[in-house]
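> Have a look at this fold, sequence not included:
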């Protein structure tokens, strides 16, 4: 499947991106692409995108990455809603929860709970092991010689 995504170029700490059309199986760092569709420089906030080519490839069935989808929306090349591209590890904001009313259960026979017996560990003396003296080797029987 074809995908339209950003390919990082530029030096360390001076990032610029190419907007490229590539196979989705290719790594973003592989350098393999079918067509360059534009560029994006986040430091200077400049964007140059070939809108007609992007629309063509999207109509053919290519998918835009999440970040590029949001960039195309801000450039008004396509319409729709923005996609959340943040990692899923972020904690959502806590919503205020209305207090829950406790409903009493119908009266029933009270449960009988048996008391729990507490067992304390007792120190058990360990028997001393006495080693038997090493068995002396019995002299080997001599066989009479004839």
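Looks like it arrived, so ask away. Nothing here was measured: the structure is a model prediction, and the numbers come from that model.
> For this structure, which segments count as strands?
2-11, 14-23, 35-41, 46-49, 63-64 (DSSP state E).
> which helices and strands does the shortest one pack with?
Helices and strands touching strand 63-64, as assessed by 3 or more C-beta pairs under 8 Å, 6 or more residues apart in numbering; DSSP states H and E, comprise strand 2-11. All C-beta atoms are positioned from the backbone trio N, CA, C, and that covers glycine.
> which of the residues in the strand it packs on are buried?
Residues of strand 2-11 classed as buried by neighbour count (16 or more other C-beta atoms under 10 Å): 3, 4, 5, 6, 7.
> beta partners for residue 4?
residue 21, residue 64 (DSSP bridges).
> Return the residues in contact with it.
By C-beta atoms under 8 Å, 6 or more residues apart in numbering, residue 4 lies in contact with 19, 20, 21, 37, 54, 57, 58, 62, 63, 64, 65, 68.
> Burial check on residue 66, number of neighbours?
Neighbours of residue 66 under the rule other C-beta atoms under 10 Å: 14.
> Quick check: pLDDT value at it.
The score at residue 66 is 90. That number is its pLDDT.
> So it is in contact with residue 83, correct?
Yes - counting by C-beta atoms under 8 Å, residue 83 is a contact partner of residue 66 at 4.5 Å.
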